[in-house]
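1. I would like the atomic coordinates for the input below:
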Amino acid sequence: MTDSVSLTAAFDRIEQLLEFPADFPIKVMGRQADGFAQAIADLARAHVPDFDPGAIELRLSSKGGYLSITLPLRVASRSQLEGVARALAAHPMVRVVL
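-> Alright, predicted model coming up:
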């Protein structure tokens with residue numbers, strides 16, 4: 001699990017590299033389960049109101065146990081990006097956020 005200090009350092013680096021507003025894809029991975037993709041889309045939309053769930057890319061693992069969800073987000077600020085990333089990481093169905 002990633003600690004708060006390393007997340008803050010990662011967001012500091014991202015802020016140096018990006019000019020906001022910015023297009024920023026976030027990849028979320030978790031076990032394949034009913035409602036997983038919808039829950040992630042709803043969470044993303046709560047933090048990025050103009051997020052289009054139709055733009056989500058889904059990829060099932062080779063054995064079908066895990067689902068990778070790519071969320072193409074347009075974020076207005078570091079705080080918005082950080083908020084959505086932290087919310088996704090805290091979701092109980094999520095294993096990894098990249």
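
2. Who does the most centrally placed residue in the chain form a beta bridge with?
-> When the chain is reduced to its mean C-alpha position, the closest residue under CA atoms, centre = their mean turns out to be residue 26, at 4.1 Å. The residues paired with residue 26 through beta bridges, assigned by DSSP bridges, are residue 71.

3. For this structure, which helix or strand comes out least confident on mean pLDDT?
-> Sorting the helices and strands of the chain by mean pLDDT, DSSP states H and E puts helix 4-17 at the bottom, at a mean of 70.

4. pull the CA atoms of that helix into CSV?
-> Included here for helix 4-17 are C-alpha records, laid out as CSV according to Å, rounded to 0.1, in the frame of the first residue of the first chain:
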residue,chain,number,x,y,z
SER,A,4,0.7,9.5,2.1
VAL,A,5,4.3,10.8,1.9
SER,A,6,5.1,9.0,-1.4
LEU,A,7,1.7,10.0,-2.8
THR,A,8,2.4,13.6,-2.0
ALA,A,9,5.8,13.4,-3.7
ALA,A,10,4.3,11.8,-6.8
PHE,A,11,1.7,14.6,-7.0
ASP,A,12,4.5,17.2,-6.5
ARG,A,13,6.3,15.7,-9.5
ILE,A,14,3.1,15.5,-11.6
GLU,A,15,2.4,19.2,-10.9
GLN,A,16,5.8,20.1,-12.2
LEU,A,17,5.2,18.2,-15.5
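
5. what sits against the closest residue to residue 82 other than its chain neighbours?
-> Nearest in space to residue 82, with sequence neighbours left out and distances taken as CB to CB, 6 or more residues apart in numbering, is residue 11 at 5.1 Å. (C-beta placed from N, C-alpha, C; glycine too.) Taking CB atoms under 8 Å, 6 or more residues apart in numbering as the contact definition, residue 11 lies against 78, 81-82, 85.

6. Okay, residue 86 and residue 47: tell me how far apart.
-> To residue 47, residue 86 is 9 Å away according to CB to CB, to the nearest Å.
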